[in-house]
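Colleague: structure for the following, please:
(2 chains)
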2 protein chains.
Amino acid sequence: MKSVRMLGSVGSQVGKSKRFILKEHFRGLPKKSDFQLVEEDLPALKDGDVLFKALYLSVDPYMRPTALRHPTGITMFGSQVARVLETKNPAFKVGDNVVGFFGWRSLTVVNPDEVMSPYGGKSRPYVLPDFGEVPLSTGLGILGMPGNTAWFGLTKLCDPKPGETLVVTGAAGAVGSIVGQLGKILGLKVIGFAGSEDKVKWLTSELNFDHAFNYKTCNVRKVLSEAAPNGVDCYFDNVGGTISSDIMESMNNFGRVAVCGSISSYNAESRPTAPVTQPAIVMKQLRVEGFLVTRWSNLWFEGISKNLEFIKEGKLKFKETIVKGFENTDEAFIGLFQGENTGKAIVEA
Amino acid sequence: MKSVRMLGSVGSQVGKSKRFILKEHFRGLPKKSDFQLVEEDLPALKDGDVLFKALYLSVDPYMRPTALRHPTGITMFGSQVARVLETKNPAFKVGDNVVGFFGWRSLTVVNPDEVMSPYGGKSRPYVLPDFGEVPLSTGLGILGMPGNTAWFGLTKLCDPKPGETLVVTGAAGAVGSIVGQLGKILGLKVIGFAGSEDKVKWLTSELNFDHAFNYKTCNVRKVLSEAAPNGVDCYFDNVGGTISSDIMESMNNFGRVAVCGSISSYNAESRPTAPVTQPAIVMKQLRVEGFLVTRWSNLWFEGISKNLEFIKEGKLKFKETIVKGFENTDEAFIGLFQGENTGKAIVEA
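Modeller: The predicted model follows:
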């Protein structure tokens, strides 16, 4: 490994890479035994290759359903903020900080043109723009996939207009907490649902939500009839299932629903059921659209710069739940489904 | 009633009107005792009023959920093809054939500017365009609301492209049977689901559907994997519920769903449940939109003339299930929910 240039700030474990293998397909809640942590020698770099060192890894709810589309035995997929340690590729300089789908690996030797998205298709790592004082880890959160998911999902699919009412579920999560704040910036009344009293308090006291409720202890339709007496116009759906049926029945004619996730059903063993949504969809003429943020890849940096601008203006706040240690990536992921994180869940490698 | 001009062709019962009162809100399947038939004297015509005689009355699935939005005691709402018997309104001439929301009445004295839609808001009766050889009763079917529902729902919301695959449920019904034929005219592969062997046979042998299945006896996902090996691009949903969940899971990425009705849940006592649709909506990035055909009121005659053109070209066929006798309107309506009709259900007054 003679060509490696050591950077004091990123440690000195170059030579051995650790990675998590997806050992079993998840059944019910993901558990530690679904993964296997292995340590391996790194291959030598070929022309075009780059050696990336993970600084921060992302754990996200989408990984739960997406894993079922992959065979067991693969390196667990996922994105990370990584730094270039060594390069035989002119597009990547030593010291560059990038976001890439390198999976759950501590060190990665790869040709960037060959990196695959977990959804299928290639996904080239990109060098992070200058975040100024904002931490690099946000490249996995508010200034990355979740931030763009919130910005594009809300603005492109919910068609929000000032004075309208927006409901967001999973409101204290990585995406939901941004959606609600963006809704306020755009002049909407914002109502969030989250899963604990602490989260609910954070939404109204720090994030400027108009109302927030603990879905575990409230009657959704009743609290909406009080908090949204003029009905709901936009619904950003992170959870699916029964609460979504309830919210859709509280919507106004021609309401818009952006379906971002369905975390309520990701861990179900059989197909979960919920009250049928079609009567509300027909009678209220709702438009419901699901999306993966990759559809706006061509606008990626536009989304990041918009959210960065809002952060710098003090209009947009973020929170990260950081788990330290690459070896704990599996536990950080499992925690997503136990309501443990507020804001974006990040592993600091 | 001295100003009444009798028309031999429309009978001679002018003077007394019969109407059905919505006596009880439906619970479960509608039943005869939910209605009350009464006979009354007609009021004299004031300036602007018109006396309409019902020729054909429409019974439609939408009436089931919509009735719950109205108080009991009203005249049961609905549209009819009617003829002008007497007029004090310059816009309507004696002998004109019109379609109007006069409700379940044999004779109606009303100012056309005051006629209300069952959805709320005014809905002025319109004089039927010249149908040529096509029967007037189709003004309630293929050349009226159901025909426009099929044409606009399919073309405006399903975004069909030649070579794509379209699935339609309630395929032997008033709307579904037109949707499937329009799909064929537009160059799509068309698969229908209906509720009896006779209906299924009619769809493939007479209406040119590529495939049709009896949803009561088939495994929906299995038959779709065989009949639509390239997946489903467009889904015209008349029924909602479990079959819709199944079909949505068989759809391709960026599939489009037009939600026209939810007949599977109209008669449920409590909120029925079905497998949650959000996972498919997210992962396949589906767009699901509900609609009432009234949103295209400004294009109404464009839809009618399009379907009339297809009929005259021999490309579009229709079937009517006709119940004779105004007094049997309640039974014709109840029959809708017992799978009794193929094509449009009509009462001949």
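Colleague: what does the stretch 151-300 of chain A put close to chain B?
Modeller: Residues of the stretch 151-300 of chain A found near chain B (C-beta under 8 Å from any C-beta of the partner chain) are A:237, A:240-241, A:244-245, A:259-262, A:264-266, A:271-292, A:295. Where you see a C-beta, it was placed from the backbone N, CA and C, and this is true even at glycine.
Colleague: next step: those residues restricted to strands.
Modeller: Judged by DSSP state E, those include A:D237, A:V259, A:T273, A:A274, A:P275, A:R287, A:V288, A:E289, A:G290 as members of strands.
Colleague: I figured the fifth one hits A:I243, correct?
Modeller: No: between A:P275 and A:I243 there is no contact under C-beta atoms under 8 Å: 10.2 Å.
Colleague: ok, now which ones touch A:G163?
Modeller: Contacts for A:G163 (C-beta atoms under 8 Å, 6 or more residues apart in numbering or on different chains) come out as A:G187, A:L188, A:K189.
Colleague: can you tell me which of these are in strands?
Modeller: Among those, the residues falling in strands (DSSP E) are A:K189.
Colleague: save the contacts of A:G163 as TSV, and put in distance to A:A54 too.
Modeller: Formatted as TSV, these follow (distance: C-beta to C-beta, whole Å):
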residue	distance to A:A54
A:G187	39
A:L188	37
A:K189	41
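Colleague: switch the contacts of A:G163 over to JSON lines; also include pLDDT.
Modeller: As requested, the contacts of A:G163 are arranged in JSON lines below (pLDDT from 0 to 100):
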{"residue": "A:G187", "pLDDT": "98"}
{"residue": "A:L188", "pLDDT": "98"}
{"residue": "A:K189", "pLDDT": "98"}
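Colleague: so what does the worst-scoring helix or strand of chain A on mean pLDDT touch, helix or strand wise?
Modeller: Every helix and strand of chain A was ranked by mean pLDDT, DSSP states H and E. The lowest is helix A:263-266, at a mean of 82. For helix A:263-266, the elements it packs on are helix A:63-66, helix A:241-249, helix B:278-283, judged by 3 or more C-beta pairs under 8 Å, 6 or more residues apart in numbering or on different chains; DSSP states H and E.
Colleague: still on that earlier bit, among the residues of the stretch 151-300 of chain A next to chain B, which ones are buried?
Modeller: For these, a burial check counting by 16 or more other C-beta atoms under 10 Å in any protein chain shown picks out A:237, A:240-241, A:244-245, A:259-262, A:264-266, A:272-292.
Colleague: pLDDT at the closest residue to A:V293 other than its chain neighbours, what is it?
Modeller: Leaving aside its sequence neighbours, A:V293 sits nearest to A:T149 (C-beta to C-beta, 6 or more residues apart in numbering or on different chains; 4.3 Å). pLDDT recorded at A:T149 is 97.
Colleague: same question, A:R5
Modeller: Looking at A:R5, its pLDDT reads 36.
Colleague: wait, doesn't A:N97 sit right on A:Y126?
Modeller: No: with contacts defined as C-beta under 8 Å, A:N97 does not count as touching A:Y126, sitting 10.2 Å away.
Colleague: what is the neighbour count of the closest residue to chain B within the stretch 51-200 of chain A?
Modeller: Residue of the stretch 51-200 of chain A nearest chain B, by C-beta to the nearest C-beta: A:P65 (6.4 Å). Burial of A:P65 is recorded as 18 neighbouring residues (other C-beta atoms under 10 Å in any protein chain shown).
Colleague: so what's it scoring on pLDDT?
Modeller: Reading off the model, A:P65 has pLDDT 88.
Colleague: now do the same contact list for the residue lying closest to it once chain neighbours are set aside.
Modeller: In space, and not counting its chain neighbours, A:P65 is closest to A:Y266: 5.3 Å by C-beta to C-beta, 6+ apart. Applying C-beta under 8 Å, 6+ apart, we find A:Y266 in contact with A:P61, A:R64, A:P65, A:F337, B:P279.
Colleague: and these, which two are furthest apart?
Modeller: A:F337 and B:P279 (14.9 Å; C-beta to C-beta).
Colleague: distance from stretch A:36-49 to the middle of the chain?
Modeller: Taking the mean of its C-alpha atoms, stretch A:36-49 sits 27 Å from the chain's own mean (C-alpha atoms, centre = their mean, to the nearest Å).
Colleague: report the rounded mean pLDDT for it.
Modeller: Averaging pLDDT along stretch A:36-49 gives 96.
Colleague: quick one: contacts of it?
Modeller: With C-beta under 8 Å, 6+ apart as the test, stretch A:36-49 has contacts from A:1, A:3, A:14-21, A:23, A:51, A:86-89, A:107, A:109-113, A:327, A:330.
Colleague: where strands are concerned, which of the residues you listed count?
Modeller: Within these, residues falling in strands by DSSP E are A:K16, A:S17, A:K18, A:R19, A:F20, A:I21, A:L51, A:E86, A:T87, A:L107, A:V109, A:V110.
Colleague: A:G195: which of the contacts of A:Y266 is nearest?
Modeller: A:F337 (11.1 Å).
Colleague: count the neighbours of A:H211 for me.
Modeller: Neighbourhood size, A:H211 [other C-beta under 10 Å]: 19.
Colleague: surely it and A:A227 touch.
Modeller: Yes: with contacts counted by C-beta under 8 Å, A:H211 reaches A:A227, the gap being 4.3 Å.
Colleague: what sits in contact with each of these two?
Modeller: A:I191.
Colleague: could you dump stretch A:175-185 to CSV, C-alpha only?
Modeller: C-alpha atoms of stretch A:175-185 as CSV (Å, rounded to 0.1, in the frame of the first residue of the first chain):
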residue,chain,number,x,y,z
VAL,A,175,-37.1,13.6,6.1
GLY,A,176,-40.2,14.5,8.1
SER,A,177,-38.5,17.1,10.3
ILE,A,178,-37.3,18.9,7.1
VAL,A,179,-40.6,18.6,5.3
GLY,A,180,-42.4,20.4,8.2
GLN,A,181,-39.9,23.2,8.4
LEU,A,182,-40.0,23.7,4.6
GLY,A,183,-43.7,23.8,4.8
LYS,A,184,-43.5,26.6,7.3
ILE,A,185,-40.9,28.4,5.1
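Colleague: run the chain-centre distance for it.
Modeller: In terms of C-alpha atoms, centre = their mean, the centre of stretch A:175-185 is set 14 Å apart from its chain centre.
Colleague: contacts for that stretch next, please.
Modeller: Applying C-beta under 8 Å, 6+ apart, the external contacts of stretch A:175-185 come out as A:142, A:146-147, A:149-151, A:153-155, A:160, A:166, A:168-171, A:190, A:192, A:194, A:203, A:207-210, A:234, A:236, A:238, A:260-261, A:307, A:310, A:315-319, A:342-343.
Colleague: how far does stretch A:193-202 sit from its chain's centre?
Modeller: When distances are taken as C-alpha atoms, centre = their mean, stretch A:193-202 is centred 19 Å away from the chain's centroid.
Colleague: what residues sit buried inside that stretch?
Modeller: For stretch A:193-202, burial by neighbour count (16+ other C-beta under 10 Å) applies to A:F193, A:A194, A:G195, A:S196, A:K199, A:V200, A:W202.
Colleague: which strand residues bridge the first one?
Modeller: The one in question is A:F193. A:F193 has the following beta-bridge partners by DSSP bridges: A:T169, A:F213.
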